[in-house]
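Prediction below, plus the sequence it came from.
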Amino acid sequence: MKSISIPFGKEVQHIELPEDHLLYDLHGNMASIVTNEKEAILRALRQPIDSKPLRDIVREDDTVAIVVSDITRLVHTEAMLPVIVSELNEAGVRDDQITIIVAQGTHRAHTPEEDVIVCGTEMARRLRIVQHDCRDKENLTYVGTTRFGNDVYINAEALQADKLILTGAVSFHPMAGYGGGRKAILPGIAGFDSIMTNHSLALAETQGDGCNPHCDTASLEENPFHQDMLEAAQMVHPDFLVNTVFTADGDLCDVVGGHWRKAWEKGCQDVLATGGVPIEEQADVTIASAGGYPKDLNLYQGCKAYMNAVFATKPGGVLILVLDCPDIKEPEIFTKWFFRSDLDQVEQELRREFLMPGFVAFKTRCIIASMKTCYVVTRPENFDIIRQTGQIPAPDVETAWKMAQQEVPEHYTVTIMGHAAATFPVYTK
């Protein structure tokens, strides 16, 4: 038997599995881990990609807006911000000239405590922090229309600043191909209608065809979802970017900085090199965690585990998702869509009025429908919600595994994905 540890919120779950049935324990590829984070961030600022160093871009009388990801993203913003602000201060930019804009997209605003968690105690005390509100039209400015017909409205304060710095993390994304980079603009600090128009590109062109096949993990070249975001960012033309890159196991392996697109593309190469894992066979059962906190803070974020784990699993197989989800009902609109059983009707309604939470629910429900059974290991107060989605809840992974064993073939195979949101199985056949 082999002992397996699987991330679950801020803790881990344990399970014993027979080694002769274990197909893969996917952890991403080997990568050099950053041992001195401050030094890596400084290098990204002072030896940037296709850009002057940050301190040579700003002037002492500039106002500076720094866009940061919200609490649902693993970024290490609390480590990044002090180094960026120190560089700005050394260039003559005072704290009162700097504004932090939290890129909520359509997510809820932070609480003051969450601002401290994301930005760090000192930065939260020293700097003005603004929560982007995608529905506040008075604080949005039109910047242009993309070739996909998207009228792009962006946070006015970000546009009014003399210099705009984007931060975030490059990661796999199940619709945009990769996260980070241009996503800090759209959807990060964009208007609600601009976000929804962009995200509607994730649907196939024809009713009944479901999801656009080009809008998937690690896909960029023909991906309209990504290309629309790219055009929006080009309209804004950010002055600098700093993005972190993590291994599939959640270790920091790189910090890229410089030109908002070129530096981000280097980050995408790093993510694929570390997180893209070739597999020669799909398993009967995949046991997958999103990667623990904050990736399983809610079911909405946890869905990324489904969208990668499905690539490791045989059609009609079994998924066991390990998701803590203390904030499972956030956002509420997602859970309302997730409960819907008529997927054809859901697709019709999304085409009439696209809502990203509705689409994530739709795509995830399509994955669930393609499986024989989906079990969800979560906290007991979430059980009723999980049942309403057609899945089977379990208090721990051992219980879920005992139930799953009743419906697997005699010569079954199991794949483990402890960081499924950041691990992309590349099925070579």
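Cool, the structure landed.

Check which residues of the longest strand anywhere in the chain are buried.
Secondary structure of the chain per DSSP state E: the longest strand is strand 313-322. Residues of strand 313-322 classed as buried by neighbour count (16 or more other C-beta atoms under 10 Å): 313, 317-322. All C-beta spots, glycine's among them, are computed from the backbone N, C-alpha and C.

which residues touch the helix or strand containing His226?
Element membership for His226 (DSSP states H and E) is helix 224-236. Helix 224-236 has contacts (C-beta atoms under 8 Å, 6 or more residues apart in numbering) with 143-144, 146-148, 150, 152, 154, 158-159, 164, 175-178, 181-183, 185-187, 190, 194, 197-199, 201-202, 212, 214-215, 219-220, 260-261.

send the alpha carbons of the longest strand of the chain over as CSV?
C-alpha atoms of strand 313-322 as CSV (Å, rounded to 0.1, in the frame of the first residue of the first chain):
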residue,chain,number,x,y,z
THR,A,313,-9.8,10.3,-16.5
LYS,A,314,-11.5,7.8,-18.9
PRO,A,315,-14.8,9.0,-20.3
GLY,A,316,-17.5,7.5,-18.0
GLY,A,317,-14.9,7.2,-15.2
VAL,A,318,-15.1,8.3,-11.6
LEU,A,319,-13.9,11.6,-10.1
ILE,A,320,-13.2,12.1,-6.4
LEU,A,321,-12.7,15.9,-5.8
VAL,A,322,-11.1,17.0,-2.5
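
if we can go back for a sec, now, of the contacts of helix 224-236, which are buried?
If we count by 16+ other C-beta under 10 Å, the contacts of helix 224-236 have these buried: 143, 146, 150, 152, 154, 158, 164, 175-178, 181-183, 185-187, 190, 194, 197-199, 201-202, 212, 214-215, 219, 260-261.

Setting aside sequence neighbours, what's the nearest residue to Ile333?
Using C-beta to C-beta, 6 or more residues apart in numbering and skipping the chain neighbours, the partner closest in space to Ile333 is Pro357 (4.7 Å).

Relative to Pro331, how far out is that neighbour?
According to C-beta to C-beta, to the nearest Å, Pro357 and Pro331 sit 6 Å apart.

Trp264 now?
26 Å.

who's more crowded, those two?
Ranked by neighbour count (other C-beta atoms under 10 Å), Trp264 and Pro331 place Trp264 first, with 27 against 17.

What helix or strand is the more buried one located in?
Using DSSP H and E, Trp264 falls within helix 262-275.

Only C-alpha atoms, please: export the helix or strand following that helix in CSV.
Using DSSP H and E, the helix or strand that follows helix 262-275 in sequence is strand 276-279. Presented in CSV, the C-alpha positions along strand 276-279 are these (Å, rounded to 0.1, in the frame of the first residue of the first chain):
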residue,chain,number,x,y,z
GLY,A,276,2.2,20.2,-18.3
VAL,A,277,2.5,16.5,-17.6
PRO,A,278,2.4,13.9,-20.4
ILE,A,279,0.3,10.8,-19.6
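
Strand 276-279: how far from the chain's middle?
Relative to its chain's centre, strand 276-279 lies at 19 Å (C-alpha atoms, centre = their mean, to the nearest Å).

Kindly report the same for stretch 17-26.
Taking C-alpha atoms, centre = their mean, one finds stretch 17-26 lying 28 Å from the centre of the chain it belongs to.

buried set for that stretch?
17, 22-24, 26.

Going by distance to Ala305, which of those residues wins?
Leu26 (12.1 Å; C-beta to C-beta).

from memory that closest one sits against Pro425, does it?
Yes. Leu26 lies in contact with Pro425 (C-beta atoms under 8 Å); the separation is 6.5 Å.

Contacts only, for Gln13.
By C-beta under 8 Å, 6+ apart, the residues touching Gln13 are 5-7, 289, 322, 377, 396-397.

pLDDT of the helix or strand harbouring Tyr306, averaged?
When elements are assigned from DSSP H and E, Tyr306 belongs to helix 299-309. Averaging pLDDT along helix 299-309 yields 91.

So which residues make contact with it?
Residues from elsewhere that reach helix 299-309, judged by C-beta under 8 Å, 6+ apart: 72, 172-174, 217, 286, 288-291, 294-296, 319, 321, 323, 325, 328, 330-331, 334-335, 338, 357, 360-361, 363-364, 367-368, 374, 385, 417, 420-421, 423-425.

what about the helices in the stretch 51-200 of the chain?
Using DSSP state H, counting those that start in this stretch, the helices of the stretch 51-200 of the chain run over 54-57, 77-90, 112-119, 121-126, 156-160, 192-199.

of all those helices, which gets the most neighbours per residue?
Mean neighbours per residue, mean count of other C-beta atoms under 10 Å, is largest over the helices of the stretch 51-200 of the chain for helix 192-199, with a mean of 22.

tell me the angle of that one relative to helix 224-236?
Following axes from the mean of the first three to the mean of the last three C-alpha atoms, to 10 degrees, one obtains 140 degrees for the angle between helix 192-199 and helix 224-236.

name the helices or strands packed onto helix 192-199?
When contacts are defined as 3 or more C-beta pairs under 8 Å, 6 or more residues apart in numbering; DSSP states H and E, helix 192-199 packs onto strand 151-155, helix 224-236, helix 356-370.

still on that earlier bit, tell me which strands and helices the longest strand of the chain is in contact with?
By 3+ C-beta pairs under 8 Å, 6+ apart, strand 313-322 packs against strand 2-8, strand 283-289, helix 299-309, helix 356-370, strand 373-377, helix 397-404.
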